[in-house]
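Asker: starting from these lines, generate the structure:
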Amino acid sequence: MDALERPELSSVCLVDGTYELYRAFFSAPSRSWAGREVGASFGLARSLLSLKKRGEFTHYAVAFDTVIESFRNELFAGYKTGEGVPPELMQQFPLAEEATRAVGLLVLPMLEFEADDALASGARLFERNGFGKICIASPDKDLMQCVRGATTISWDRMRERTYGENEVLEKLGVLPQSVPDYLALVGDTADGIPGVPRWGAKSAASLLRRYEHLEAIPRQPDEVDVKVRGLNELLLSLREHEAEVLLYRTLATLRTDAPIPLEVATYLPKAPDWATLEGLLGFSEAGGARPGVPF
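Answerer: All right, here's what the predicted structure looks like:
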């Protein structure tokens with residue numbers, strides 16, 4: 001009986017395609033093919049092919065923010081939008097999804113939800129199915145809330161660093177289950193979450209490490225049994241922003257009910273479609289640009 005028949009021997013890599021596309025856009029050279037800019041998508045395809053070649057996983061999926069806005073924009077006007085995204089990057093999102101399919105990996109395109117919700121939903125799916133290793137390929141702090149023991153981990157591919165529960169605690173000062181509460185207090189500029197005035201990483205980590213969630217933090221200083229600098233002002237600010245901080249936590253909490261395929265066999269990789277990759281990006285089967293085409 002092989003790994004595909006025994007879930008505990010199988011592994012899945014869930015890739016933050018939006019992050020990977022951004023990273024490729026700002027690190028890979030500009031490239032024109034068939035009259036359009038394709039540099040970021042070319043870099044993404046090359047990266048995903050390299051990931052498959054490592055042979056570390058039996059299943060894969062790549063999640064994209066097909067549109068930047070999501071249901072969270074209806075909850076909070078200040079939440080991130082597509083404003084300011086370079087048009088040369090924005091126009092490559094559909095191309096990146098096509099290229100990922102041509103690489104042979106399942107695409108999870110998100111409209112109402114975000115790519116991060118798809119990744120969280122995928123992690124939960126494979127946890128329920130007993131997979132032995134579930135890897136979320138993204139360095140984003142908010143995805144660290146998905147880490148579970150030594151089975152579901154976060155992976156920063158660029159720095160080749162993985163995060164289990166201990167590493168999340170070391171990096172943020174809180175355990176994975178407290179990450180949404182942490183981001184609600186300190187804010188997350190990437191997502192447009194402002195945080196609570198006066199609260200910083202050290203104070204938030206100190207109190208959440210002791211009390212775990214927002215509701216459990218005492219609102220009166222004399223009830224707090226850990227030493228935190230400026231405690232009176234911190235708790236006053238928290239009391240003054242009770243409604244906001246709970247909303248911010250809702251924004252930071254990833255959904256696990258995003259619309260993704262529920263049959264794990266759907267996540268098995270396929271052979272690359274080299275003809276499509278060449279037509280889309282000018283990507284040759286030899287592993288790079290077509291001869292005579294500058295990259």
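
Asker: tell me, how many residues neighbour Pro259?
Answerer: Pro259 has 14 neighbours, counted by other CB atoms under 10 Å. The C-beta positions use only the backbone N, C-alpha and C, and glycine is treated the same way.

Asker: domain parsing for this protein?
Answerer: Domain assignment for the chain, taken from automatic domain parsing, gives 3-172+255-281, 176-252.

Asker: now the shortest one: how far from the chain's centre is it?
Answerer: It refers to domain 176-252. In terms of CA atoms, centre = their mean, to the nearest Å, the centre of domain 176-252 is set 23 Å apart from its chain centre.

Asker: helices of the protein, start to end?
Answerer: Along the chain, counting by DSSP state H, helices occupy 17-27, 39-54, 72-75, 87-90, 93-103, 115-128, 165-172, 179-186, 201-211, 231-240, 242-252, 274-281.

Asker: which of those helices sits closest to Ala150?
Answerer: Proximity to Ala150 (CB to CB) singles out helix 165-172 among the helices of the chain, at 7.9 Å.

Asker: so that closest one versus helix 201-211, what angle?
Answerer: 140 degrees (axes from the mean of the first three to the mean of the last three CA atoms, to 10 degrees).

Asker: helix 165-172 - contacts with which helices or strands?
Answerer: helix 179-186, helix 201-211 (3 or more CB pairs under 8 Å, 6 or more residues apart in numbering; DSSP states H and E).

Asker: can you put the ones you listed in a markdown table and add distance to Glu97 and mean neighbour count?
Answerer: What follows is the helices and strands packed on helix 165-172, written out as a markdown table (distance: least, CB to CB, whole Å; neighbours: other CB atoms under 10 Å):
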| stretch | distance to Glu97 | mean neighbour count |
| --- | --- | --- |
| helix 179-186 | 28 | 26 |
| helix 201-211 | 35 | 19 |
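
Asker: want to try a markdown table for these, with distance to Asp116 as columns?
Answerer: Shown next, in a markdown table, are the helices and strands packed on helix 165-172 (distance: least, CB to CB, whole Å):
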| stretch | distance to Asp116 |
| --- | --- |
| helix 179-186 | 12 |
| helix 201-211 | 20 |
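
Asker: let me have these in TSV, extended by distance to Tyr22 and mean pLDDT.
Answerer: Putting the helices and strands packed on helix 165-172 into TSV (distance: least, CB to CB, whole Å; pLDDT from 0 to 100) gives the following:
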stretch	distance to Tyr22	mean pLDDT
helix 179-186	19	98
helix 201-211	24	97
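
Asker: among those helices, which comes closest to Gly279?
Answerer: Taking CB to CB, helix 179-186 is the member of the helices and strands packed on helix 165-172 nearest to Gly279, at 41.5 Å.

Asker: how about residues contacting stretch 208-227?
Answerer: Applying CB atoms under 8 Å, 6 or more residues apart in numbering, the contact partners of stretch 208-227 are 169, 173-175, 177-178, 181-182, 184-185, 206-207, 231-232, 235, 238-239, 245-246, 249.

Asker: repeat that for 10 Å
Answerer: Contact with stretch 208-227 is made by 169, 172-175, 177-182, 184-185, 196, 204, 206-207, 228, 231-236, 238-239, 242, 245-246, 248-249, as judged by CB atoms under 10 Å, 6 or more residues apart in numbering.

Asker: send over it as PDB, restricted to the C-alpha atoms.
Answerer: The C-alpha trace of stretch 208-227 is given here as PDB (Å, rounded to 0.1, in the frame of the first residue of the first chain):
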ATOM      1  CA  LEU A 208      -2.100  36.900  24.800                       C
ATOM      2  CA  ARG A 209       0.500  34.400  25.900                       C
ATOM      3  CA  ARG A 210      -1.100  34.500  29.300                       C
ATOM      4  CA  TYR A 211      -4.800  34.900  28.400                       C
ATOM      5  CA  GLU A 212      -4.900  33.500  24.800                       C
ATOM      6  CA  HIS A 213      -7.900  35.500  23.500                       C
ATOM      7  CA  LEU A 214      -9.200  39.100  23.700                       C
ATOM      8  CA  GLU A 215     -12.200  38.200  25.800                       C
ATOM      9  CA  ALA A 216     -10.000  36.700  28.500                       C
ATOM     10  CA  ILE A 217      -7.800  39.700  29.000                       C
ATOM     11  CA  PRO A 218      -8.900  41.400  32.200                       C
ATOM     12  CA  ARG A 219     -10.100  45.000  31.600                       C
ATOM     13  CA  GLN A 220      -9.000  46.200  35.000                       C
ATOM     14  CA  PRO A 221      -5.200  46.500  35.800                       C
ATOM     15  CA  ASP A 222      -5.500  45.000  39.300                       C
ATOM     16  CA  GLU A 223      -6.800  41.800  37.800                       C
ATOM     17  CA  VAL A 224      -3.900  41.300  35.400                       C
ATOM     18  CA  ASP A 225      -1.300  38.900  36.800                       C
ATOM     19  CA  VAL A 226       1.600  39.500  34.400                       C
ATOM     20  CA  LYS A 227       3.800  42.600  34.200                       C
END
